[in-house]
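**Q** sequence unknown, structure follows:
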Ligand code: CMP
């Protein structure tokens, strides 16, 4: 089953949106395969956002994502990568449609509440950066 990596960013955790956000994915029918509340080190932030290294906002991005706890998650289900991107809405909250997470709760692009993998390759990379095999449940095996 397809898996994706999602993360409630420090602004979302601070605003008590973990329940709201996880509830949306649960109600949609996706399965939570792993989750943890954690602080991101400078090294992990640099690695996670490596593709943005040359962007002018890279320093700001790393500073923000390490500024407070995040809620890292792995969700699974059919086409979960694309579906989660739709449910999150556009990166820039002012472009995000009402009904999406960023459309409903986001204000500015740097603090846009949630991160989600944008492809199969990034999902695999991000899941293995944040989780060990033993931290993920296997619903197929357990059922
Ligand atoms: P995310 O999906 O976590 O992936 C990269 C992040 O860069 C993105 O969400 C935004 O939060 C952030 N970002 C994109 N553009 C800008 C910008 N112009 N200024 C600050 N942050 C940005």
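**A** All right, it came through fine. Note that the structure is a prediction, hence the values are computed from the model and not measured.

**Q** next to the ligand, which bits of the chain? Give me the list.
**A** 52, 57, 60, 61, 91, 109, 110, 112, 115 (C-beta under 6 Å from any ligand atom). (C-beta placed from N, C-alpha, C; glycine too.)

**Q** in this protein, where is pLDDT below threshold?
**A** For the chain, applying pLDDT under 70 flags the ranges 142-143.

**Q** repeat that with 50
**A** For the chain, no stretch is flagged by pLDDT under 50.

**Q** host element of residue 20?
**A** For residue 20, the host element (DSSP states H and E) is helix 18-28.

**Q** so how far is that helix off the chain centroid?
**A** Here helix 18-28 is found 12 Å from its chain centre; the criterion is C-alpha atoms, centre = their mean, to the nearest Å.

**Q** again, but for stretch 56-66
**A** Centroid separation for stretch 56-66 versus its chain: 16 Å, with C-alpha atoms, centre = their mean.

**Q** what residues does that stretch touch?
**A** Residues from elsewhere that reach stretch 56-66 (C-beta atoms under 8 Å, 6 or more residues apart in numbering): 9-10, 39-42, 45-46, 48-49, 52, 55, 110-111.
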